[in-house]
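> Below are the sequence and a predicted model for it; my questions follow.
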Amino acid sequence: MSLLDRAISLALPLVPKPIVRHFSRPYIAGATIDDALRVVRDLERQGVLSTIDILGEFVTRLDEAEANAAEYVALVRRLHAERLACANVSVKLSALGLLLDHERCLTHMRRLMDVVAETDGFARIDMEDSPCTSATLDVYRALRATHGARVGVAIQARLRRSFADVDDLSRSPASFRLCKGIYLEPRSIAFVDPELIRSNYTLLLERMFERDAQVGIATHDERLVWEALRLIERHGRRRSDYEFEMLLGVDEELRGILRAAGHAVRVYVPYGERWYPYSVRRLRENPQIAGHALRAMLRRGARRVPAQPTPTPTP
């Protein structure tokens with residue numbers, strides 16, 4: 001990472017929102033459901049699956065949670081009505097009020113899962129920062145008991161507890177998305193060394209395969225993609241047992257390599273008016289993107305500024 005990229009990453013909270021929006025444009029489908037579905041259809045033409053996330057986590061009012069829940073229900077019905085079986089939904093429970101009222105959040109998720117079941121769909125519960133972990137897994141357990149294979153949950157390799165969580169959750173059939181995790185956590189509960197996070201990712205993935213779990217292998221780290229392919233071969237996993245998952249706008253070349261090799265790839269497609277917190281997290285995770293965008297903007301700006309004539313000296 002260059003010094004410019006690092007400086008941009010540290011300064012993001014001070015950067016005006018229009019500039020952050022410009023930097024984050026590759027990551028976000030747009031503000032509306034129609035924007036998201038346009039991206040989903042484009043990905044479908046490329047043979048790529050999608051999972052759609054409505055931005056707006058960590059709500060502070062119950063009416064916001066109610067509105068988010070209603071929008072998710074509308075989204076699932078829209079996917080079904082437009083026959084977009086290539087797409088499912090991802091849900092951050094803090095958007096449905098997890099930190100305000102656990103029971104009401106669970107009620108929202110039950111309502112959503114009923115519609116998912118009616119439409120023959122699937123929903124993935126995203127994992128957030130560590131204060132949400134236990135409550136998120138409790139909701140997953142409750143929904144898995146009633147809706148079975150139609151619901152899955154994300155597991156973060158960064159967290160020290162994750163191996164025990166995988167062991168516990170996979171005592172019965174389970175569906176996981178395995179990611180590194182982007183939330184910066186205290187060393188007491190999370191690995192901070194990148195190599196340890198990679199090693200734990202590989203360990204967790206092997207355990208998931210040993211337990212015959214369905215796995216979304218969510219990474220842009222080609223070292224981990226290599227490890228995943230090795231484990232897929234070692235454990236005799238069928239193509240229907242796993243998929244690779246990637247973020248919208250990140251390493252499309254690697255996505256193409258995996259698709260060309262015949263692996264299923266699903267792209268995470270976020271949309272919504274509340275794009276700013278998500279954008280800042282993603283740009284901090286990949287500050288090189290912000291650096292590239294800033295340099296490109298400066299180059300375009302320089303081309304647009306006309307050369308000024310040299311003033312003629314006054315006699």
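Received, thanks.
> quick one: the helices in the stretch 51-200 of the chain?
Counting by DSSP state H, counting those that start in this stretch, residue ranges of the helices within the stretch 51-200 of the chain are 62-81, 102-118, 133-147, 162-169, 194-210.
> tell me how far the third one is from the chain's mean position?
Put plainly, it is helix 133-147. In terms of CA atoms, centre = their mean, to the nearest Å, the centre of helix 133-147 is set 19 Å apart from its chain centre.
> Same question for the second one.
The chain centroid and the centroid of helix 102-118 are separated by 21 Å, computed with CA atoms, centre = their mean.
> Quick one: mean pLDDT over that helix.
Averaging pLDDT along helix 102-118 gives 98.
> Over to the last one?
Helix 194-210 shows an average pLDDT of 97 in the prediction.
> re the thing from before, reformat the helices of the stretch 51-200 of the chain as a markdown table; add distance to Ser50 and mean neighbour count.
Placement of C-beta: from N, CA and C, glycine included. As requested, the helices of the stretch 51-200 of the chain are arranged in a markdown table below (distance: least, CB to CB, whole Å; neighbours: other CB atoms under 10 Å):
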| stretch | distance to Ser50 | mean neighbour count |
| --- | --- | --- |
| helix 62-81 | 9 | 18 |
| helix 102-118 | 15 | 18 |
| helix 133-147 | 21 | 17 |
| helix 162-169 | 25 | 17 |
| helix 194-210 | 22 | 18 |
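> Ile54 is nearest to which of those?
Comparing the helices of the stretch 51-200 of the chain by their distance to Ile54 (CB to CB), the top pick is helix 62-81, with 5.5 Å.
> hang on, the earlier thing: could you dump the helices of the stretch 51-200 of the chain to JSON lines with distance to Leu55?
Output for the helices of the stretch 51-200 of the chain, formatted as JSON lines (distance: least, CB to CB, whole Å):
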{"stretch": "helix 62-81", "distance to Leu55": "10"}
{"stretch": "helix 102-118", "distance to Leu55": "16"}
{"stretch": "helix 133-147", "distance to Leu55": "18"}
{"stretch": "helix 162-169", "distance to Leu55": "25"}
{"stretch": "helix 194-210", "distance to Leu55": "25"}
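> Please name whichever of those helices is nearest to Arg230.
Closest to Arg230 of those, according to CB to CB: helix 194-210, at 8.9 Å.
> Give me the contacts around that closest one.
155, 157-158, 162-163, 166-167, 170, 174, 176, 178, 180-181, 191, 215, 217, 219, 221, 223-224, 227-228, 231-232, 235, 237, 241 (CB atoms under 8 Å, 6 or more residues apart in numbering).
> One more: stretch 27-41?
With contact meaning CB under 8 Å, 6+ apart, stretch 27-41 is reached by 50, 52, 55, 71, 74-75, 78-79, 82, 84, 86-87, 247-250, 269-273, 275, 278-279, 282.
> average pLDDT for it?
If you average the pLDDT over stretch 27-41, you get 93.
> of the contacts of stretch 27-41, buried ones?
Neighbour counting by 16 or more other CB atoms under 10 Å classes 50, 52, 55, 75, 78-79, 84, 86-87, 247-250, 269-272, 275, 278-279, 282 among these as buried.
> before we move on, back to that, among the contacts of stretch 27-41, which are located in strands?
Of the contacts of stretch 27-41, the ones assigned to strands by DSSP state E are 50, 52, 87, 247, 269-271.
> just the buried members of the contacts of helix 194-210?
Using 16+ other CB under 10 Å as the burial test, the contacts of helix 194-210 include 155, 157-158, 162, 166, 170, 174, 176, 178, 180-181, 191, 215, 217, 219, 221, 224, 227-228, 231-232, 237 as buried.
> Now, those residues that are in strands?
Using DSSP E, the members of the buried ones among the contacts of helix 194-210 that fall in strands are 155, 176, 178, 215, 217.
> Adding pLDDT and distance to Val40, write those residues out as JSON lines.
As requested, those are exported to JSON lines (pLDDT from 0 to 100; distance: CB to CB, whole Å):
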{"residue": "Ile155", "pLDDT": "98", "distance to Val40": "25"}
{"residue": "Phe176", "pLDDT": "98", "distance to Val40": "23"}
{"residue": "Leu178", "pLDDT": "98", "distance to Val40": "23"}
{"residue": "Val215", "pLDDT": "98", "distance to Val40": "22"}
{"residue": "Ile217", "pLDDT": "98", "distance to Val40": "21"}
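> Arg25: which of those residues is nearest?
Relative to Arg25, the closest of these is Ile217; by CB to CB it sits at 26.2 Å.
> residues touching that closest one, list them.
Ile217 neighbours (CB under 8 Å, 6+ apart): 178, 205, 224-225, 228, 242-245.
> cutoff 7 Å now
178, 205, 228, 242, 244-245 (CB atoms under 7 Å, 6 or more residues apart in numbering).
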